[in-house]
Every structure is written in C-alpha cells, then in structure tokens.
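Asks: what follows is a predicted protein model with its sequence.
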Amino acid sequence: MQNAVFSIALLSAPLLLASFGALTSEYSGRMAVFLDGIINLAAFFCYAFSVLTGSFIAGAFLSVLSCTLIIFVSIRAVESLHANPFLASLGLNLFSGALASVISVALFSTRGVLTSPLFSFPAVNARLSTALVAFVFTAAGFAFLYGTKYGLYIRITGKDADVLSSRGIDVSACRTAAWCIAAFYGALAGCILSFRLSSFVPNISSGRGWLALAAVFLGRRTGWGTAAAVIVLCAAEYFAANLQNVFQNIASPLLIALPYIASLALIVLVPDTRRDE
C-alpha cells in the first residue's frame, strides 16, 4: 500500500504542474488549450538544448524560456488584435507539435524517438529529483496565486475584470501573466517527462495537457480540488498500468484509457456545488 501511494505521488508530478498552469489560466478567464502542445514542445526543446549545450540544466532552462516566450508573444498578439483566445490557444497547440517535428528533422534528421548518451539519467534518481522539483514549484505557485496581491488580481480577472479596471489595474497584463504562468508550468512538466525517459518521444505528453484541463474542472476550479483530482487521475493511471499484468485478456488500449474514462465519469457524476449555489 505504501509503495502504491509513493508511486502515485511520483507519477503525479508532471500532471500537477500542468494542472496548476491550467488552473491559473482558467482563473484569468482564458482556457489553456495549448498546454498539451507546449508539454510536447518543451520536452523536445529540453532534449535538443541539453544535447547541443552539453548541460541538462541549460537545456531545461532554455526550453522553459523558449516556450514561455512563444506563449507571451502569442497572447500579446491575441490581446492586441482582439482575436478569439480559445481558437488562438487551439492553434498554438497544433503549432507546437508541428514546430517540434520540423526542428527535429532539421537537427536530428528524424521525426521519431531521440536518444543520446548526453541525455541519459538513472531512472530512480530522475523520478525522485523531478518529483521534488515539481512539488517545490507547485507549492511556490500556490503561494503566489493565493498569498499575493498579484495572484489575487489574476483570480479576479476572469470574474470581475471591471473591478480591476476601475482601480487602474491592467486586465490585459493579468491575462498575459496567467498564460505565461501556464506555459511555464506546462514546459516544466514537459522537461520532467523527457528527463524521466532519458529521451524525447513524439507525443510524450500522452494527453496530460488535456487531463490537466479535466483536473481543473473536476476540482471545481479550486486549488485543493484540482490537486485532489490530479491524485485521483494518477491513481487511475497507476492501477491501469498494473492491471495489464493481471487482466491479460482485456485489451490494453482500454486499460490505458482508464484515466480518461475516470475523468469523464467523475466530471459527469460529481455535482457542481458552485453552480448549485
């Protein structure tokens, strides 16, 4: 039992980061549909920069910086041109996957799996260290979002933007900050996934960006609720992976889809108390 809890906690690290980013963006009134693409792009950048520089720390830093800058430029364009933020976010999701593929061909002459002796880490150490980093950054993020006035501004932006405007606070800047935070945390999640696999695998996110959005809505857009939803979804993923060894007659795609089935079932079945109120 203790091993299961520990494994689920380690497994939850990348999804917890992505979910915090999605929650921050949701508070600002902008859904971070781009998250899944950013996770994949960041994982690729992390591998590429690490191999090119010979430093995994530089690789992770440049990856997170690049992804955050891409989203920053995009959200400024959306705000300036008054474009549809949902469609723009969806377009960014598609663009991220295409960009990773194009650069992969240009640098490594393949769109497939990328490995290198310069990007290889002990599995146990990678899981433990990346989980620790994820928990520290998530805790810092929650402290910022719920414990500072700037976090309060972001949380008010989605509901009462007029209140902020009346006080002379730039609502557009709050929305920009929220998207950049979402990109930052999504990029961290992507780096963690690449470190844990010691490689880059196309579609390495395995839908975690979408699961992060599901966790936010399952958690009723609250911090504790989102964290609890992440644990539930990761528990479903953990048991799905172990059930494949027990129920060998069940199609593996069905077991792999268990976290998504669980998220859909919980969103449908758990009452939305906020709506009732």
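Replies: That came through fine.
Asks: which positions within the helix or strand where Ala182 lies qualify as buried?
Replies: Taking DSSP states H and E as the definition, one finds Ala182 inside helix 171-197. Across helix 171-197, burial judged by 16 or more other C-beta atoms under 10 Å covers 171, 173-197. Heads up, the C-betas are built off the backbone N, CA and C, glycines and all.
Asks: next: stretch 129-137.
Replies: For stretch 129-137, using 16+ other C-beta under 10 Å, the buried residues are Thr130, Ala131, Val133, Ala134, Phe137.
Asks: which of these fall in strands?
Replies: Residues of these located in strands (DSSP state E): none.
Asks: going by distance to Ser28, which of those wins?
Replies: The closest of the buried residues of stretch 129-137 to Ser28 turns out to be Phe137 (C-beta to C-beta; 19.1 Å).
Asks: that older thread, which of the buried residues of stretch 129-137 fall in helices?
Replies: If you go by DSSP state H, those have Thr130, Ala131, Val133, Ala134, Phe137 in helices.
Asks: in CSV: the residues you listed, plus distance to Lys149 and pLDDT.
Replies: Below are these laid out as CSV (distance: C-beta to C-beta, whole Å; pLDDT from 0 to 100):
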residue, distance to Lys149, pLDDT
Thr130, 31, 96
Ala131, 31, 96
Val133, 27, 96
Ala134, 26, 96
Phe137, 21, 97
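Asks: could you export the residues you listed as a markdown table, including distance to Ser7?
Replies: Conversion of these to a markdown table gives the following (distance: C-beta to C-beta, whole Å):
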| residue | distance to Ser7 |
| --- | --- |
| Thr130 | 14 |
| Ala131 | 10 |
| Val133 | 18 |
| Ala134 | 15 |
| Phe137 | 21 |
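Asks: Asn84: which of those residues is nearest?
Replies: Phe137 (30.5 Å).
Asks: that closest one: what's it in contact with?
Replies: When contacts are counted by C-beta atoms under 8 Å, 6 or more residues apart in numbering, Phe137 touches Leu17, Tyr185, Leu188.
Asks: without its sequence neighbours, what residue ends up closest to the second one?
Replies: Nearest residue to Tyr185 in three dimensions, chain neighbours excluded: Gly21, at 3.4 Å (C-beta to C-beta, 6 or more residues apart in numbering).
Asks: what helix or strand is that neighbour located in?
Replies: Per DSSP H and E: Gly21 is located in helix 13-27.
Asks: what packs against that helix?
Replies: Secondary-structure packing of helix 13-27 (3 or more C-beta pairs under 8 Å, 6 or more residues apart in numbering; DSSP states H and E): helix 35-53, helix 123-147, helix 149-157, helix 171-197, helix 208-218, helix 223-246.
Asks: quick one, which of those helices gets closest to Leu10.
Replies: Among these, the nearest to Leu10 by C-beta to C-beta is helix 123-147 (4.8 Å).
Asks: follow-up on the earlier one: which pLDDT does the model give the residue nearest to Tyr185?
Replies: pLDDT for Gly21: 96.
Asks: list the contacts of it.
Replies: Ala32, Leu35, Ile181, Ala182, Ala183, Phe184, Tyr185, Gly186, Ala189, Ala212.
Asks: I appreciate the help and will end here.
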